[in-house]
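>>> build me a model from this:
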Amino acid sequence: MIRGGTGNIRFLEYNQTLSSSKKGYLLPGQQHKLIFSTYGNIKETDLITGKVADLLTNLKSVIHSIDYDYTYEYVYFTRFERNDILRFRYPAERPYISETVSIADKPVGVAVDSFNSDVYLTEYGTGKLYRCASDGSDKILILQDDPLYAL
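Purely as a prediction, here's the structure:
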């Protein structure tokens, strides 16, 4: 994950690393890892070395959305076919273990509000937007509109 910066986004081909002339885009103290999903897996890639590592595997679902809580250092993600939102601590000194935050009907969008310790989620085709505490408690419907997807 890269946070901060100028808003310039640079894309790399799969397994391409930053050349020495491009490494200047990353300032000291900035993260140089990007978290992404493939079917049933969450991985990270080091943008400097190009090394790809598995964080979670065998999740048995499409993962449509991933977000990060910078305050409490959790990665939140949706599992579409499993109808839930999960999280895991990142970075962690132990193996990554996920825990269920909320149940939803085919969740596709998740967004973390680190300032208020809230998580927002959308369901596929229902038009529903929910908010819950970062641990999944106090889930409430805050909007029902045309079908929502991304947050």
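>>> okay, and the beta partners of the residue nearest the centre of the chain?
In the chain, the residue lying closest to the centroid (CA atoms, centre = their mean) is Ile66, at 2.0 Å. Beta-bridge partners of Ile66, counted by DSSP bridges, are Phe77.
>>> and it, how far is that from Tyr39?
Taking CB to CB, to the nearest Å as the criterion, Ile66 is separated from Tyr39 by 14 Å. (C-beta placed from N, C-alpha, C; glycine too.)
>>> and Lys33, by the same measure?
21 Å.
>>> more neighbours: which of these two?
Neighbours per residue (other CB atoms under 10 Å) separate Lys33 from Tyr39, with Lys33 holding more: 16 against 9.
>>> quick check on the more buried one: phi, psi?
Main-chain dihedrals, Lys33, degrees, to the nearest 10: phi -120, psi 150.
>>> that one contacts Asp46, correct?
Yes - with contact defined as CB atoms under 8 Å, Lys33 and Asp46 form a contacting pair (5.5 Å).
>>> show me where the chain has strands.
In order along the chain, the chain carries the following strands (DSSP state E): 33-38, 41-46, 52-56, 66-69, 74-79, 84-89, 99-103, 107-113, 118-123, 128-133, 140-144.
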